[in-house]
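Q: everything below, folded, please.
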Amino acid sequence: MYLTRFRVNTARPGARRLLSSPQSLHAAVMASFPALLPTSTSTGGPRVLWRLDHNAKAEVFLYIVSPGTPDLTHLVEQAGWPAAAASPDTPGWQSRPYAPFLDRLTTGGLWEFRLTANPVHHIRRKDGEPTKRTAHLTPVHQKGWLLDPVRQQRAGFRVIEKPHDKRLLRGGTTDKKYEHHGDRYELTVRDERALSFAKSREDRSQAHRVKVVTVTFDGRLEVTDADALRRTLAQGLGRAKAYGCGLMTLAPVPSPPKPEG
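A: Coordinates of the predicted model:
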């Protein structure tokens, strides 16, 4: 397993085209693996995951988790800095083995995390109709999707609760009797994006457009099942993985500042 980071040169027209089309970016990511055939399918093992982090208007990073090392030469030429990448010391992207980090995960460990996901649920508008998958559209419901106890148990983690003296918003229920947690948890949701694009270049009708709502979660978690969390990091969490969802990354929790004197 490998974790790769590529900085997108947002000033280039090719980069803007990729950033505006999840399908095109997915195709570019998959083209980074010469041995991966287009007909290859995942059977529960490691798969190629990717995520865009929009840290600022001119600071966009593409993260990739993959079973093998990618060759992003075509992305450098289209959406990077080709002249800078001409030096062997600065190839235009960084790839690191992921297995050593995954092996260090232990039950009880605390980590900061980031996850871009597609929070959805199933509804039935009328009795007798089949259920329909639809996106959660409010931060309360989007957080509720990730805080679902069954989902967290299967994924191998739980989102950490804040100390009582750090909570500013009380929990309760919404006007539709849906539970909300206030700011009980170390969790924020941001950067909601409503994506809409044609399924194929040949069929651009409105009836056959793909619509995906994505959000980015930042927070802190405790590892409850190290093996399950390794699977989550390697296989992704939730739906719409082909469109940049499901990739969770971890970072060490910063040490608290030492008291002065």
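
Q: what sits against Leu187?
A: Counting by CB atoms under 8 Å, 6 or more residues apart in numbering, Leu187 touches Lys143, Leu146, Leu147, Val159, Phe217, Asp218, Gly219, Arg220. Bear in mind the C-beta positions are built from the backbone N, C-alpha and C, glycine included.

Q: what's the residue nearest to it when sequence neighbours are not counted in contact with, if anything?
A: Nearest residue to Leu187 in three dimensions, chain neighbours excluded: Gly219, at 3.8 Å (CB to CB, 6 or more residues apart in numbering). Residues counted as contacts of Gly219 (CB under 8 Å, 6+ apart) are Glu112, Phe113, Val159, Ile160, Tyr185, Glu186, Leu187, Thr188.

Q: pLDDT of the helix or strand containing Gly219, averaged?
A: According to DSSP states H and E, Gly219 maps onto strand 209-223. Across strand 209-223, pLDDT averages out at 90.

Q: beyond it, next helix or strand please.
A: Next along from strand 209-223, by DSSP H and E: helix 226-235.

Q: could you pull up the mean pLDDT of that next one?
A: 96.

Q: and the strand holding Gly219, what's buried?
A: By neighbour count on 16 or more other CB atoms under 10 Å, the buried set for strand 209-223 is Val212, Val213, Thr214, Val215, Thr216, Phe217, Gly219, Arg220, Leu221, Glu222, Val223.

Q: sheet partners, orientation included, of that strand?
A: Strand pairing for strand 209-223, determined by DSSP bridges: strand 110-117 (antiparallel), strand 157-159 (antiparallel), strand 187-198 (antiparallel).

Q: I figured Trp111 hits Ala226, correct?
A: No - taking contacts as CB atoms under 8 Å, Trp111 lies outside contact range of Ala226: 11.4 Å.

Q: let me have the strands paired with strand 209-223 in a markdown table, extended by mean pLDDT and distance to Pro22.
A: Compiled in a markdown table, those are given as follows (pLDDT from 0 to 100; distance: least, CB to CB, whole Å):
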| stretch | mean pLDDT | distance to Pro22 |
| --- | --- | --- |
| strand 110-117 | 96 | 11 |
| strand 157-159 | 96 | 26 |
| strand 187-198 | 84 | 6 |
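
Q: from the buried residues of strand 209-223, pick the one nearest Tyr63.
A: For Tyr63, the nearest member of those is Thr216. The distance, counting by CB to CB, is 11.9 Å.

Q: picking that back up, what would the strands paired with strand 209-223 look like in CSV with distance to Ala234?
A: Formatted as CSV, the strands paired with strand 209-223 follow (distance: least, CB to CB, whole Å):
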stretch, distance to Ala234
strand 110-117, 14
strand 157-159, 14
strand 187-198, 23
